[in-house]
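**Q** coords please:
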Amino acid sequence: MVVKVGKKEWDVNDCTYAERRELHKLNAKVWWDGKMEVELYYNVLEKVGEIAGLGENDFKDMGMPEVDSVLQAVFLEYLGLEPSKKDSGG
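**A** Numbers count the residues shown, from 1 in each chain. This next block holds a predicted model:
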């Protein structure tokens, strides 16, 4: 699966149904009391990185906010909340 973030395209692993359900559950916990639990949010991003097959070598020379942006974009793609333009034909 290819996810475009800014000017770069990231080739990431596809996400299975079970993995999507797990990410959905983890994300629900982030917002459980109506406010964001930052530690749980970063747990979601770490899980996304694992599933995507992204690691330290992929993010060398990038700042942490940029890394978070990539992982957030992959997360949205996995949950079908923001289909990539390349995959949707747009």
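**Q** in the chain, which spans are helices?
**A** For the chain, the helices defined by DSSP state H occupy 17-30, 38-52, 64-78, 85-88.
**Q** Would you point out which residue is most central in this protein?
**A** In the chain, the C-alpha nearest the mean C-alpha coordinate belongs to Phe75, at 2.6 Å (CA atoms, centre = their mean).
**Q** what's around Glu19, how many residues?
**A** Neighbour count for Glu19, taken as other CB atoms under 10 Å: 17. Bear in mind the C-beta positions are built from the backbone N, C-alpha and C, glycine included.
**Q** quick one: contacts for the residue nearest to the centre of the chain?
**A** Phe75 sits next to Leu23, Asn27, Val44, Leu45, Val48 when contact means CB atoms under 8 Å, 6 or more residues apart in numbering.
**Q** one more time with 6 Å, if that's ok
**A** Contact analysis of Phe75 by CB atoms under 6 Å, 6 or more residues apart in numbering lists Val48.
**Q** before we move on, back to that, with distance to Trp10 and mean pLDDT added, can I get the helices of the chain in TSV?
**A** Putting these into TSV (distance: least, CB to CB, whole Å; pLDDT from 0 to 100) gives the following:
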stretch	distance to Trp10	mean pLDDT
helix 17-30	17	96
helix 38-52	8	97
helix 64-78	6	96
helix 85-88	11	48
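**Q** which stretch among those comes nearest Lys4?
**A** Closest approach to Lys4 among the helices of the chain is made by helix 85-88 (6.1 Å; CB to CB).
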